[in-house]
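Student: structure for this input, please:
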Amino acid sequence: MIQLKTKLLAVDKTAVVNTFCIKILKGCKSRIAILGEVILICVNSINIKKHILLKSRFQKKFKVGSIHRALIVRTNKHF
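Tutor: From the prediction side, this is the model:
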């Protein structure tokens, strides 16, 4: 159950730590996203130690303030 401006934790190896939801792309009828839906996120903070180990093309792509698409794979609420 994710709404707009919800703070999220990223689960990947791109060194992104904190993000927040900007817009829900799939399921436009409701303002709440559930498992398996695509949302737009904005990067809020990154882990610098992991960011240095990334390849240069990924370092350019994942910066603070950049906007990306994300898929919801885990939530605290049961589906």
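Student: check contacts around the most centrally placed residue in the chain.
Tutor: By Cα atoms, centre = their mean, the mean C-alpha position of the chain lies nearest to Ile41, the distance being 4.6 Å. Ile41 makes contacts with Leu8, Ala10, Thr19, Phe20, Cys21, Ile22, Ile67, His68, Arg69, Ala70, as judged by Cβ atoms under 8 Å, 6 or more residues apart in numbering. For every residue, glycine as well, the C-beta is placed using N, CA and C.
Student: ok, now Thr6?
Tutor: Contacts of Thr6 (Cβ under 8 Å, 6+ apart): Phe20, Cys21.
Student: thinking again about what came up before, neighbour-wise, give me the winner out of the contacts of Ile41.
Tutor: Thr19 (23 neighbours; other Cβ atoms under 10 Å).
Student: quick check: it touching Val43?
Tutor: Yes - under the criterion of Cβ atoms under 8 Å, Thr19 is in contact with Val43, at a separation of 5.6 Å.
Student: just to revisit the earlier point, need the contacts of Ile41 in JSON lines (columns: secondary structure and pLDDT).
Tutor: Listed next are these as JSON lines, based on DSSP: H, G, I helix; E, B strand; the rest coil; pLDDT from 0 to 100:
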{"residue": "Leu8", "secondary structure": "strand", "pLDDT": "92"}
{"residue": "Ala10", "secondary structure": "coil", "pLDDT": "88"}
{"residue": "Thr19", "secondary structure": "strand", "pLDDT": "93"}
{"residue": "Phe20", "secondary structure": "strand", "pLDDT": "93"}
{"residue": "Cys21", "secondary structure": "strand", "pLDDT": "94"}
{"residue": "Ile22", "secondary structure": "strand", "pLDDT": "93"}
{"residue": "Ile67", "secondary structure": "strand", "pLDDT": "94"}
{"residue": "His68", "secondary structure": "strand", "pLDDT": "93"}
{"residue": "Arg69", "secondary structure": "strand", "pLDDT": "93"}
{"residue": "Ala70", "secondary structure": "strand", "pLDDT": "92"}
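Student: Serialize those to JSON lines and add fields for distance to Gly36.
Tutor: JSON lines is the format used below for the contacts of Ile41 (distance: Cβ to Cβ, whole Å):
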{"residue": "Leu8", "distance to Gly36": "15"}
{"residue": "Ala10", "distance to Gly36": "17"}
{"residue": "Thr19", "distance to Gly36": "18"}
{"residue": "Phe20", "distance to Gly36": "20"}
{"residue": "Cys21", "distance to Gly36": "15"}
{"residue": "Ile22", "distance to Gly36": "19"}
{"residue": "Ile67", "distance to Gly36": "21"}
{"residue": "His68", "distance to Gly36": "17"}
{"residue": "Arg69", "distance to Gly36": "13"}
{"residue": "Ala70", "distance to Gly36": "12"}
